[in-house]
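*Asks:* Model the following, please.
(2 chains)
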Amino acid sequence: MEQNGQIHKIDICGQICPSCLLIALKEVNARRELLLGGGALHIYTDSRQAINTIPGSVHNMGYQTNIVKSKGHYCIEIQKA
Amino acid sequence: MLGEFTLIVVTSLACGLAVGFLLHRSDFCVTGMFRDYFLFRNLSMLRVLVLMIFVSMALVHGARAAGAIAYYPFPLLGVMSLTNILGGALFGVGMVLAGGCVVGTLYKMGSGSVLSAVAFIGLLTGSALYAEIHPAWAVLTKQLAVFGPAKTLPQAFGIEPSVLIMPTLLAGLWLVGRWARRGQLVMPAHADGYIQPWISAVALAVIGLVSYVVVGMPLGITTSYAKLGATLEAWVAPDHVASLAYFQGKGLNYTPPFGDQPITGGAGPELDAIAAIQYPLVAGIVLGAFLSALFLRELRLHYRMPARQYVSVLIGGVLLGMAARMVPACNVWHLWGGVPILAGQSLLYVVGLFPGAWLGSLILLKYVVRGPS
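*Replies:* Got it, this is the predicted structure:
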């Protein structure tokens, strides 16, 4: 299924640790079709721990990440490598 | 007398500011170190904690050899009791559910976490509630005491501290050196202004030493939670607070290293030596983290979180507050201060902390942390 350009966004700012990593891993698995079809998953978080740990875990699952900071939080952009 | 308190207040405030700044920059969350091992089998931050303990051990014993330590072991350290294990276990459960331990809650709250502010309210409540069960807990602690009046393992075995400390220190430094050579102390860094946790671990050990040399004891903050809880409770029920034995006690009675008169303090609402030592430290940690987040433009309040997370941090905070009095004390006091001198109370606390953090992680995973709905 071609889903090129589609973006799924999740806002988990302020949540208790380790929600961010668990939710990110769960969502990457749940949105596999979207990601393999060329879409992207954007996770908005303010957890400094998650910003450091999510990219490594997502890379291990075969995806690439880009981190963008704006307005006090970070957006982890996940898409297929 | 005023001069003694001024030095203590200024030192504690400066230590607190530096600690709060470092904890935020490195996200140096002791709760996360234990929890992430049980949830993800991730040992990386626990290694950093071990580094901090052995650096603290080296610094404290170097300072002791140089004659810079006035009290060894330090004031407020209790005798060993099996209740330290029970308290440690409850502390472990509470800190995972609260999303941070006693000091973790402070730096997260300072950097804008609404959940940690709720946990802080729970902590005050739990600390004040402990006063209701203190007489029974004190009796149990006495009944389950081990090694009589000894406070440290060297005292328990009747040997010079260095006989046990030196081999322990050498083994610890060898282990940490091995991790360092393999690059296992360096974390991935994507967050702005990130300070590698191993750098913070060394800096925090130095700050702990400053407190030990100047104030006479390592960093500690938990009695001030009970004190603040008692102060708030006294506004509503002054007679009840006055009737509780725990709030009348003066557990601290010592002459500061740079003072010439004894000072006293306890968990009651009075502004005493405990208030002079711990209130500035607490305020400094919150302020240090606040300034760090402000400089990074990361200070935002988020309150739209799932209700179950609010319930978790409140219950966790109450458990944590009670446990912090039952142990007594917290990660900072025991891991930075007690374990490095092989204090029995601190070692038994750690024994309880592991199963507690494991149980807390199970509860967190089953009932609290779920995907977005």
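*Asks:* can you pull the contacts of residue 59?
*Replies:* All of this refers to chain A. A:Thr65, A:Ala81 (CB atoms under 8 Å, 6 or more residues apart in numbering or on different chains). C-betas here are computed from N, CA, C, even on glycine.
*Asks:* Chain B is the one I meant
*Replies:* B:Ala205, B:Val206, B:Gly208, B:Leu209 are the contacts of B:Leu59 under CB under 8 Å, 6+ apart.
*Asks:* OK, contacts around the second one?
*Replies:* This means B:Val206. By CB under 8 Å, 6+ apart, the residues touching B:Val206 are B:Leu59.
*Asks:* And stretch B:334-352, what's buried?
*Replies:* Using 16 or more other CB atoms under 10 Å in any protein chain shown as the test for burial, stretch B:334-352 gives B:334-350, B:352.
*Asks:* quick one on the thing from earlier: which of the contacts of B:Leu59 has the most neighbours?
*Replies:* Within the contacts of B:Leu59, most neighbours by other CB atoms under 10 Å in any protein chain shown means B:Gly208, with 26 neighbours.
*Asks:* From chain A, how far off is that residue?
*Replies:* B:Gly208 sits 23 Å away from chain A, going by CB to the nearest CB, to the nearest Å.
*Asks:* Show me what the helix or strand hosting B:Ala138 is packed against.
*Replies:* Using DSSP states H and E, B:Ala138 falls within helix B:114-143. Packed against helix B:114-143 by the contact rule (3 or more CB pairs under 8 Å, 6 or more residues apart in numbering or on different chains; DSSP states H and E) you find helix B:83-98, helix B:102-110, helix B:222-236, helix B:307-326.
*Asks:* Helix, strand, or coil at the most centrally placed residue in chain B?
*Replies:* In chain B, the C-alpha nearest the mean C-alpha coordinate belongs to B:Val332, at 2.9 Å (CA atoms, centre = their mean). B:Val332 falls in the helix class when you classify it by DSSP: H, G, I helix; E, B strand; the rest coil.
*Asks:* now the strands: where do they sit in chain A?
*Replies:* A:7-11, A:40-45, A:63-70, A:73-80 (DSSP state E).
*Asks:* Adjacent strands (with direction) for the third one?
*Replies:* Under the criterion DSSP bridges, strand A:63-70 sits next to strand A:73-80 (antiparallel) in its sheet.
*Asks:* what ranges of chain B fall below the confidence cut-off?
*Replies:* Of all residues in chain B, those with pLDDT under 70 make up the ranges B:1-3, B:370-373.
*Asks:* Check the residue in chain A that chain B sits nearest to and give its pLDDT.
*Replies:* Per CB to the nearest CB, A:Gly14 is where chain A lies closest to chain B, at 2.7 Å. The per-residue pLDDT reported for A:Gly14 equals 86.
*Asks:* so it makes contact with B:Ser111?
*Replies:* No: between A:Gly14 and B:Ser111 there is no contact under CB atoms under 8 Å: 11.1 Å.
*Asks:* out of the two, which sits in the busier spot?
*Replies:* B:Ser111 (27 against 22).
*Asks:* so is the nearest residue to that one once chain neighbours are set aside in a helix, a strand, or just coil?
*Replies:* Nearest non-adjacent residue to B:Ser111, counting by CB to CB, 6 or more residues apart in numbering or on different chains: B:Ala293, 3.9 Å away. Judged by three-state DSSP, the three-state class of B:Ala293 is helix.
*Asks:* what does chain A have sitting close to chain B?
*Replies:* Within chain A, the positions adjacent to chain B are A:10, A:12-19, A:21-23, A:26-27, A:30, A:46-49, A:51-53, A:55-56, A:67, A:69, A:71-74 by CB under 8 Å from any CB of the partner chain.
*Asks:* Which of the residues in the strand or helix carrying B:Leu59 are classified as buried?
*Replies:* Using DSSP H and E, B:Leu59 falls within helix B:44-65. Of all the residues in helix B:44-65, those buried under the rule 16+ other CB under 10 Å are B:44-45, B:47-61, B:63-64.
*Asks:* follow-up on the earlier one: next up, the contacts around the residue of chain A closest to chain B.
*Replies:* Here A:Gly14 is in contact with A:Asp46, B:Ser113, B:Val114, B:Leu115, B:Leu301, B:His302, B:Tyr303, B:Arg304, B:Met305 (CB under 8 Å, 6+ apart).
*Asks:* I'd like to know which of the residues you listed is nearest to B:Leu281.
*Replies:* Closest approach to B:Leu281 among the contacts of A:Gly14 (CB to CB): B:Ser113, at 19.3 Å.
*Asks:* Show me what that closest one bridges to in the sheet.
*Replies:* Under the criterion used (DSSP bridges), B:Ser113 bridges to B:His302.
*Asks:* swap in A:Lys80?
*Replies:* A:Tyr63.
*Asks:* Looks like it contacts A:Gly38 (just checking).
*Replies:* Yes: A:Lys80 is in contact with A:Gly38 according to CB under 8 Å; the separation is 7.1 Å.
*Asks:* Quick one: residues contacting B:Ala131.
*Replies:* Neighbours of B:Ala131 in contact, by CB under 8 Å, 6+ apart: B:Ala226, B:Ala230, B:Leu244, B:Tyr246, B:Phe247, B:Ala267.
*Asks:* of all these, which two lie farthest apart?
*Replies:* B:Ala226 and B:Leu244 (10.5 Å).
*Asks:* Give me the more crowded residue out of those two.
*Replies:* B:Ala226 (30 against 20).
*Asks:* and that one, how far is that from B:Gly337?
*Replies:* Remark: distance between B:Ala226 and B:Gly337 (CB to CB, to the nearest Å) = 18 Å.
*Asks:* thinking again about what came up before, ChimeraX command to pick out the buried ones of the contacts of A:Gly14?
*Replies:* Here is the ChimeraX selection string for the buried members of the contacts of A:Gly14, based on 16+ other CB under 10 Å:
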select /A:46 /B:113,114,115,302,305
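*Asks:* from the stretch 251-373 of chain B, which residue is nearest to chain A?
*Replies:* For the stretch 251-373 of chain B and chain A, the shortest gap (CB to the nearest CB) falls at B:His302, measuring 2.7 Å.
*Asks:* Quick check: the gap between that residue and B:Tyr246.
*Replies:* 36 Å.
*Asks:* Where does the stretch 101-250 of chain B get nearest to chain A, residue-wise?
*Replies:* For the stretch 101-250 of chain B, CB to the nearest CB, closest residue to chain A: B:Ala191, 4.3 Å.
*Asks:* check contacts around that residue.
*Replies:* Taking CB under 8 Å, 6+ apart, one finds A:Arg48, A:Ile51, A:Asn52, A:Tyr74, B:Asp27 in contact with B:Ala191.
*Asks:* residues from the stretch 101-250 of chain B in reach of chain A?
*Replies:* When proximity is defined as CB under 8 Å from any CB, the stretch 101-250 of chain B approaches chain A at B:Gly112, B:Ser113, B:Val114, B:Leu115, B:Met187, B:Pro188, B:Ala189, B:His190, B:Ala191, B:Asp192, B:Tyr194.
*Asks:* Good, we can wrap up now.
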